[in-house]
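Trainee: predicted model follows, preceded by the sequence.
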Amino acid sequence: MTREHEIQVEDAYEGPVVQVTDLETGFKTPRGLVRAVDGVSFKLDRGKTLGIVGESGCGKSVLSRSVMGLLPSTNVVRNGSVKFQGRELVGLSGKAMRKYWGTEMSMVFQDPMTSLNPVKRIGEQITEGLRFHLGQSKDDARATALALLKSVRIPEAERRLREYPHQLSGGMRQRVVIATALACGPRLLIADEPTTALDVTVQDQILDLLQAQQNERFMAMMLITHDLGVVAGRTDEIAVMYAGQIVEKAPTSVLFAKMKMPYTEALMQSIPKLDLPSHTRLQAISGRPPDLVNPPSGCRFAARCLYAQDRCLDEQPPLMEGDTPGHLYRCWYPVGTPAGEEALNMNLRKNRTAAGLKAATAAEGVGAIPG
Amino acid sequence: MAGSGKAHLRDGALLTVEDLVVEFPAGRGRKVHAVSGISLDVLEGETLGLVGESGCGKSTTGRAIVQLPKPTSGSVRFEGRDLTSLKGNGLRDMRPVMQMIFQDPISSLNPRRRVGDIIAEPLKVWGRGDADEREKAVRDVLESVGIDPEQAVGRRPHQFSGGQCQRISIARALMLDPKLIICDEPVSALDVSVQAQILNLLEDMKARYGLTLIFIAHDLAVVKNVSDRVVVMYLGKVCEVGPPDSLFAEPAHHYTHALLSAIPVPDPTVVREDKAGVAGELPSPLAPPSGCRFRTRCPAAQDRCAAEEPLLREVAPNHYVACHFPLIGGPAPAHASVAADAR
C-alpha cells in the first residue's frame, strides 16, 4: 500500500532520473588512497542513453557501482552527490538502498555466467525479485517471468524457465540477465560491458535488444564500454573517461564529428578500421595511464599526449564548454582549434612534447616504455 | 561451408594443411567435430588471418598445426615434411621453428620466474650459447620488442602491464629464430591503445626477423589490418578465403557478410540498411548440419544446401568461396560439389 503511494509520488517527479555531482570514489590501500573516480558530474533524463567509454582502469566500472551504491562499506571513500529521482543516495545504508536495487535501478554485468546463480533454475532467478519487491504470488510471478523471457526473445520460454544457466548459450544467458534486470521495471538500467564476453553477431542482437527495451519502457540507460563502436550508434550522449575523470562529454553526433580532447582522438585513431586497407600503420598511444594514488598535478593525459605543452604539466584543465552547447572537454589545446593545431605542429617539428614524448615517433607505437 | 575443396591451395607454400580433421570424444560414443576437413596454406613471409566466432575451430586448427594435440586425420606439411608422421625426437626437432603466442599474456608467463630467465629458457632447453651469449641475446630481443632490458630482466611478470607481458611473450617466441609464429588471439585481452602497439610491433618483428605468421582472431578489423590472406571459418569448416581488401569490400559468403554487418562502426552517421543479422545460434558441433554447415542460419539457404556440401571455388581473382549461392560470382555449377553423405 505504502509502496504504491511512493511510486505515484515519484512518477510526478519531472527532473533527471540521475544527477551526479562531483562524485568521488576512492579505495584505501596500503599505498594510499586510489582515486578511482575523481570529481565526476553528469545528469541523465528519462528515455536517454549515456555512453561511458574508457580503457581498463579508467574508473568507468567503479563509477557505475558508485552510482548504484554497490561498493563495499569498508575502505571505500565516497563523496559528492548522487541524486536519484531527486533523492540523495550518498550516505544511505545498504538496507535503505535495497529499496532501490532491482525496482528503481538495476544492472547488467559483463559475464552472464557469473552473474547468474548456477544452481538455481532460470525461472527462480527471475521471479525472486518479483516476489520480494513487488509481492507477487507464485503464479503471477511465473506468468510475468514468462512474458519477460518472451519480450527478450528467448525461444521456447516455457521450457527455459525450468532450465539451469549452463544449459543456455552465452547470448541466451545474457538475455536472461537482461530479463532479470528488467523484471521490476527499473527507471535506470546500467549495462556494464554487456557484450564484451559475446561474439559479434550475438553482440549485435543483445545491443538491439537493450535499445528496444529501453525505448519501450522509456528508461534511462548507462551503457559502459571500452568500444567506441558500441556506443556510436546507440547513445544520446557520450562521456569519455580517463584516469578517474570525465575528459570529454558531448552529444554522440557532436563528439564523433568534432572531438576536442586529444585522448578521444588518440583512442579513435588507435582502432583498426575495416574501411582502411590492410597493413595500415596504426597510431598507438604510447605509455600508460598514470598512477591513481598520486595523479599528476597537471593534465592527466599530458605524458602520453602529442599536443602537450608546459602549461599542461603545471595546470590541470577544468571541464570547459566549447562552442557547441553541451560539449565539455578538459584540454588547454583542444583538437581542431588554432591553439591545438599550433601546439601539435610545434611538437612534431621539435619531435618532443613538453612531457618529453618523442611526438613524431610516438605514434609509431614501438620504442622503449619506461618500466 | 565446404572446406572440402582445395582450389585455394598454392604451390611452394611454407606450410600446407590438407583435410585437417580434429575430433574430441564426448562420451557415449559421440564426438565433437571441432575441425572437419579444412585445407589451408601459408607462403613464406605471409600473414594468414584465421577468423571466426567462438567455437568455429580456429584455435583448434592452430594447435593441430603444431601437433598439440595431433589431429585426428589429415596432413600438415612444413617445408615439405609431414609433421603428422613425425614422432619423438623427429617432432621435437621441428619445435623451434614453430612458436606460439597466446591470448592472455599474464597467464602465459610463469609468475614465479624472472623475466630474464623466462626469455632465456628456450636457449637453455636447446643448449644454445653459453651464459654470456644467452644474456646478450635476451637483452637484444627485449630491446627489439620495446622493453628496457636493464629494468626488466630482474623483475617478475606481475610487475608488468598486460601490454608489456605480451611484448615479453613475443620476445620469448622469437628466441629460437622461428620461421612460423602462430598468434592465437594475441590482442583480444588488451585495451585498444595497447592493441595498436602490439599489432604494430608484430608487423615490425615480422619484417625484422623474416617471420611467417598465422594470426587467429575473432575481430575482423584486426585481422584485416595484419593479414595478407584471410580464411573465414564457421563450425569447423572454411567459408571463404581471399585477400583482405577484396574479401571485406565484397564478401561472397553470406556468413562473412553477416559478420561484417554485425561489427559496430565507430561513426554515428553510418546507418546500415543492409543489416544482415544472422538468426539463431551456432548449431552443436556434436551433430553439425548436413551439406553446408551454415544453412540453418543462412538467408539464402535452399534444398541443395542441405543435400550437397559446397566446395571452395574461385569467384574473383584469388578469392574463393564455399557456397552454392554466393553473393558474387553466381551460383555454383552442379559438379562443383560433393554429396553430403560422401563427407
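Mentor: Arrived safely, thanks for sending.

Trainee: so for B:D274, what's the pLDDT?
Mentor: As predicted, B:D274 sits at a pLDDT of 59.

Trainee: repeat for A:G365
Mentor: 46.

Trainee: what about the strands in chain B?
Mentor: B:15-25, B:31-42, B:47-51, B:73-78, B:81-82, B:98-101, B:180-184, B:212-217, B:229-234, B:237-242, B:308-310, B:313-316, B:319-321, B:337-339 (DSSP state E).

Trainee: again with the stretch 101-250 of chain A
Mentor: Here the stretch 101-250 of chain A has its strands, by DSSP state E, counting those that start in this stretch, at A:105-108, A:188-192, A:220-225, A:237-242, A:245-251.

Trainee: show me what the shortest one is packed up against.
Mentor: Think strand A:105-108. helix A:60-68, helix A:170-182, strand A:188-192 (3 or more C-beta pairs under 8 Å, 6 or more residues apart in numbering or on different chains; DSSP states H and E). The way it works is simple: take the backbone N, C-alpha and C, and place the C-beta from them, glycine included.

Trainee: swap the cut-off to 6 Å and go again
Mentor: On a contact count with 3 or more C-beta pairs under 6 Å, 6 or more residues apart in numbering or on different chains; DSSP states H and E, strand A:105-108 meets helix A:170-182, strand A:188-192.

Trainee: turn the ones you listed into JSON lines, columns for distance to B:A26 and mean pLDDT.
Mentor: Formatted as JSON lines, those follow (distance: least, C-beta to C-beta, whole Å; pLDDT from 0 to 100):
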{"stretch": "helix A:170-182", "distance to B:A26": "19", "mean pLDDT": "93"}
{"stretch": "strand A:188-192", "distance to B:A26": "35", "mean pLDDT": "95"}
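
Trainee: ok, then the element right after the helix-or-strand element of chain A with minimal mean pLDDT?
Mentor: Within chain A, no helix or strand scores below helix A:2-11, which has a mean of 48 by mean pLDDT, DSSP states H and E. Next helix or strand after helix A:2-11 toward the C-terminus (DSSP states H and E): strand A:18-29.

Trainee: got the CA coordinates for whatever helix or strand comes next after that following strand in CSV?
Mentor: The element immediately downstream of strand A:18-29 (helix or strand, assigned by DSSP H and E) is strand A:32-44. Once non-C-alpha atoms are left out, strand A:32-44 reads as follows in CSV (Å, rounded to 0.1, in the frame of the first residue of the first chain):
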residue,chain,number,x,y,z
GLY,A,32,47.5,5.3,-0.2
LEU,A,33,44.1,6.3,-1.5
VAL,A,34,43.4,5.1,-5.1
ARG,A,35,41.2,7.8,-6.5
ALA,A,36,39.2,5.6,-9.0
VAL,A,37,36.5,8.2,-9.6
ASP,A,38,37.6,11.8,-9.1
GLY,A,39,35.0,14.5,-9.4
VAL,A,40,32.6,13.1,-12.0
SER,A,41,29.3,15.0,-12.7
PHE,A,42,26.5,14.2,-15.2
LYS,A,43,22.8,14.0,-15.4
LEU,A,44,20.6,11.6,-17.2
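
Trainee: adjacent strands (with direction) for strand A:32-44?
Mentor: Using DSSP bridges, strand A:32-44 pairs in its sheet with strand A:18-29 (antiparallel).

Trainee: next, the angle from the partner strand to helix A:60-68.
Mentor: Relative orientation of strand A:18-29 versus helix A:60-68 (axes from the mean of the first three to the mean of the last three C-alpha atoms, to 10 degrees): 120 degrees.

Trainee: out of the strands of the stretch 101-250 of chain A, flag the one nearest B:R30.
Mentor: Of all the strands of the stretch 101-250 of chain A, it is strand A:105-108 that lies closest to B:R30, at 34.6 Å by C-beta to C-beta.

Trainee: in the chain, where's the longest helix?
Mentor: Using chain A here. Criterion DSSP state H: the longest helix present in chain A is helix A:200-217.

Trainee: wait, chain B
Mentor: Per DSSP H, chain B has its longest helix at helix B:192-209.

Trainee: give the rounded mean pLDDT of that helix.
Mentor: 91.

Trainee: just the buried positions in that helix, please.
Mentor: B:192-206 (16 or more other C-beta atoms under 10 Å in any protein chain shown).

Trainee: count the residues that sit near residue 156.
Mentor: I went with chain A, as the question did not name one. Neighbour count for A:E156, taken as other C-beta atoms under 10 Å in any protein chain shown: 9.

Trainee: the chain in question should be chain B.
Mentor: 15.

Trainee: repeat for A:D310
Mentor: So A:D310, with other C-beta under 10 Å, has 13 neighbours.

Trainee: touching, it and A:T353? I think so.
Mentor: No. Counting by C-beta atoms under 6 Å, A:D310 does not reach A:T353; the two are 9.9 Å apart.

Trainee: touching chain A at all, stretch B:212-226?
Mentor: Yes. Against chain A, stretch B:212-226 shows contacts by C-beta under 6 Å from any C-beta of the partner chain at B:221-222, B:224-225.

Trainee: what lies in contact with that stretch?
Mentor: Contacting residues not belonging to stretch B:212-226 are listed as A:272, A:274, A:278, B:14, B:42, B:44-51, B:58, B:62, B:179-185, B:206, B:230, B:244, B:248 [C-beta atoms under 6 Å, 6 or more residues apart in numbering or on different chains].

Trainee: give me the buried entries from those.
Mentor: Among these, the ones that count as buried by 16+ other C-beta under 10 Å are A:272, A:278, B:14, B:42, B:46-51, B:58, B:62, B:179-185, B:206, B:230, B:244, B:248.

Trainee: look up how far A:V230 lies from the residue nearest to A:D204 when sequence neighbours are not counted.
Mentor: Nearest residue to A:D204, sequence neighbours excluded (C-beta to C-beta, 6 or more residues apart in numbering or on different chains): B:A262, at 4.0 Å. Going from B:A262 to A:V230 by C-beta to C-beta, to the nearest Å gives 12 Å.

Trainee: then B:E133?
Mentor: 49 Å.

Trainee: between those two, which is the more surrounded one?
Mentor: Comparing B:E133 with A:V230 by neighbour count (other C-beta under 10 Å), the higher total belongs to A:V230, at 24 against 11.

Trainee: excluding covalently adjacent residues, which one is nearest to that one?
Mentor: Nearest to A:V230 is B:P264, by C-beta to C-beta, 6+ apart, at 4.9 Å.

Trainee: you'd agree that neighbour is up against A:V231?
Mentor: No. B:P264 sits out of contact with A:V231 when judged by C-beta under 6 Å, with a separation of 8.3 Å.

Trainee: neighbour count: these two, which is higher?
Mentor: A:V231 (28 against 21).

Trainee: which residues touch the more buried one?
Mentor: Contacts of A:V231 by C-beta under 6 Å, 6+ apart are A:51, A:53, A:225, A:238.

Trainee: could you redo those as a markdown table and give each row neighbour count, distance to A:L198 and pLDDT?
Mentor: Shown next, in a markdown table, are the contacts of A:V231 (neighbours: other C-beta atoms under 10 Å in any protein chain shown; distance: C-beta to C-beta, whole Å; pLDDT from 0 to 100):
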| residue | neighbour count | distance to A:L198 | pLDDT |
| --- | --- | --- | --- |
| A:G51 | 25 | 18 | 97 |
| A:V53 | 26 | 18 | 95 |
| A:T225 | 24 | 12 | 93 |
| A:I238 | 26 | 21 | 97 |
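
Trainee: most widely separated two among those?
Mentor: The distance between the two most remote of the contacts of A:V231 (C-beta to C-beta) is 10.0 Å, for A:T225 and A:I238.

Trainee: B:P149 is in contact with B:V141, isn't it?
Mentor: No. Look at B:P149 against B:V141 with C-beta under 6 Å: they stay out of range, at 8.7 Å.
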